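# I'll drop the sequence and a predicted model, then ask my questions.
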Amino acid sequence: RAPPDDAVHCTPSRRRRGAELSTRPRRLRDPLPLTGGNERAARLRELRERTRLDAGSREESECAGVYASFGPLNREVLQLCTDWQVRPGGALNDHGDAAYDWSVIDRLTAVDERAGPLLRRLGGSVPHFAPYRERLRSARRRVVDGEHDWFTSPRVDSYHTVWMELHEDLLAALGLERER
């Protein structure tokens, strides 16, 4: 494998062909654009009310079952994101140690593979959740291909961004609040 490189935004196959670095613009994405605290809170409440699954429905039951398995995976993803950004001992990860970066990427791949069956099952029962599996897989592929922004950057549909959106959607669908 080629080592990850923050400056290089092209896939291994493009690197083998000697392609130039990608210059494609990075898409900014925020499903709920930043606004004032009270306005954003009101919009989040409205979003939750609109996306709440019918209490006692088959969809709610399926979603609740997935959410019960989501907690441990969520803790792993949060730890992976921390490990990607901060090295053991608290130093920022400058991504100069390819072996360390690949160890984190390999762990991300393992978590993503464990999340896959849950998300496919949920997407089959509640169509609203169906796109999450491919969005996460796509972000993971881009990380593996050396595009570091796709791990944690809020500027793109990074793994972290999509995962947190999924988490919010699960909470909204079940009428739950985020734990503080």
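Yes, it's here.

# Run a quick neighbour tally on residue 93.
Around residue 93 there are 17 other residues, counting by other C-beta atoms under 10 Å. (Each C-beta comes from the backbone N, C-alpha and C, glycine too.)

# Quick check, it in contact with residue 80.
No. Assessed by C-beta atoms under 8 Å, residue 93 is found out of contact with residue 80, at 11.8 Å.

# Need the per-residue pLDDT for residue 35.
For residue 35, the pLDDT comes out at 52.

# Would you mind confirming that residue 142 makes contact with residue 150?
Yes. In terms of C-beta under 8 Å, residue 142 counts as a neighbour of residue 150; the distance is 3.7 Å.

# The two - which one has more neighbours?
The neighbour comparison of residue 142 against residue 150 (other C-beta under 10 Å) goes to residue 150, with 24 against 20.

# what's the nearest residue to residue 120 if we skip its chain neighbours?
Closest residue to residue 120 apart from its sequence neighbours, by C-beta to C-beta, 6 or more residues apart in numbering: residue 133 at 5.8 Å.

# check contacts around that neighbour.
Neighbouring residues of residue 133 by C-beta atoms under 8 Å, 6 or more residues apart in numbering: 116, 119, 120, 123.

# ok, now residue 136?
Contacts for residue 136 (C-beta under 8 Å, 6+ apart) come out as 112, 115, 119, 159, 162, 163, 166.

# any idea how far residue 175 is from it?
24 Å (C-beta to C-beta, to the nearest Å).

# How about residue 161?
Taking C-beta to C-beta, one finds residue 161 at 23 Å from residue 175.

# more crowded one of these two?
residue 161 (21 against 13).

# for the host helix or strand of that one, packing partners?
For residue 161, the element it lies in under DSSP states H and E is helix 159-174. With contacts taken as 3 or more C-beta pairs under 8 Å, 6 or more residues apart in numbering; DSSP states H and E, helix 159-174 sits against helix 37-51, helix 58-85, helix 98-125, helix 130-144, helix 149-152.

# contacting residues around it?
Residues from elsewhere that reach helix 159-174, judged by C-beta under 8 Å, 6+ apart: 29, 31, 47-48, 51-53, 59-60, 63-64, 66-67, 70, 74, 77, 81, 108, 112, 119, 126, 128-129, 132, 135-136, 139-140, 143, 150-154, 176-178.

# Stretch 109-116 too?
Outside stretch 109-116, the residues that touch it by C-beta under 8 Å, 6+ apart are 73, 76, 77, 80, 133, 136, 137, 140, 144, 159.

# which residue sits closest to the third one, ignoring its sequence neighbours?
Excluding its sequence neighbours, the residue lying closest to residue 77 (C-beta to C-beta, 6+ apart) is residue 163, at 5.2 Å.

# Tell me the spacing between that neighbour and residue 119.
For residue 163, the distance to residue 119 (C-beta to C-beta) stands at 11 Å.
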